[in-house]
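Chemist: Provide a 3D model corresponding to the input given below.
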Amino acid sequence: MAKLNPYLNFEGNCREAMTYYKECFGGDLMLQTVAEMPEMAAQMPPDMKDQILHSYLMAEGITIMGSDLNREKPNEGNTIQLCLNCDSDSEIEKLFGSLSKGGKIVETLSDMPWGGRYGSVTDKFGKTWVLNFQKENTMK
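Modeler: This next block holds a predicted model:
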């Protein structure tokens, strides 16, 4: 079965953002620069050689990809959020704390009527994350 994962676009700070996400989630991070693709690098201005062509973070249950190369200027919108369904109270606390450093808490972690613990944060790169830990199944 196919798996869905976010592919995030950045404006020159992909390396910083993906390194930050690795600090938050752990896992293995692969970064490929424009310079590592000689055919592509030859077609780009010299100041683009250190830009991230493709990145890939694999952590337990989480896959995030990203790039600095965009066909058009990225515009942060409010139609997509990255949802993390956590396995424990300690996990949601840790991830919420990590992602909120340098960012903005949108909704503090709170118990919800659906039996979950939920909160949301916009990280320092402008990406909005919603976190949920389903403590009990009240939706039948």
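Chemist: quick one, strands of this protein?
Modeler: Secondary structure of the chain (DSSP state E): strands at 7-9, 28-33, 52-59, 62-67, 82-86, 104-111, 116-122, 128-134.
Chemist: residue ranges with poor pLDDT in this structure?
Modeler: Along the chain, the model assigns pLDDT under 70 to residues 2, 71, 74, 76-79, 136-140.
Chemist: domain parsing for it?
Modeler: In the domain annotation for the chain, the residue ranges read 7-67, 82-134 (automatic domain parsing).
Chemist: Now the ones you listed in CSV, please, with extra columns for distance to Lys73 and mean neighbour count.
Modeler: Placement of C-beta: from N, CA and C, glycine included. As requested, the domains of the chain are arranged in CSV below (distance: least, CB to CB, whole Å; neighbours: other CB atoms under 10 Å):
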stretch, distance to Lys73, mean neighbour count
domain 7-67, 8, 16
domain 82-134, 13, 16
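Chemist: JSON lines please, covering those and showing distance to Asn75.
Modeler: Formatted as JSON lines, these follow (distance: least, CB to CB, whole Å):
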{"stretch": "domain 7-67", "distance to Asn75": "10"}
{"stretch": "domain 82-134", "distance to Asn75": "10"}
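Chemist: Please dump the strands of the chain into a markdown table; it should also carry distance to Pro46 for every row.
Modeler: Below are these laid out as a markdown table (distance: least, CB to CB, whole Å):
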| stretch | distance to Pro46 |
| --- | --- |
| strand 7-9 | 22 |
| strand 28-33 | 13 |
| strand 52-59 | 15 |
| strand 62-67 | 19 |
| strand 82-86 | 34 |
| strand 104-111 | 36 |
| strand 116-122 | 34 |
| strand 128-134 | 35 |
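Chemist: pretty sure Leu82 is in contact with Asn132, am I right?
Modeler: No: in this structure, Leu82 is not within contact of Asn132 by CB atoms under 8 Å, at 11.7 Å.
Chemist: picking that back up, the strands of the chain: which one's closest to Thr19?
Modeler: Comparing the strands of the chain by their distance to Thr19 (CB to CB), the top pick is strand 28-33, with 6.9 Å.
Chemist: That's all I had, so thanks and see you.
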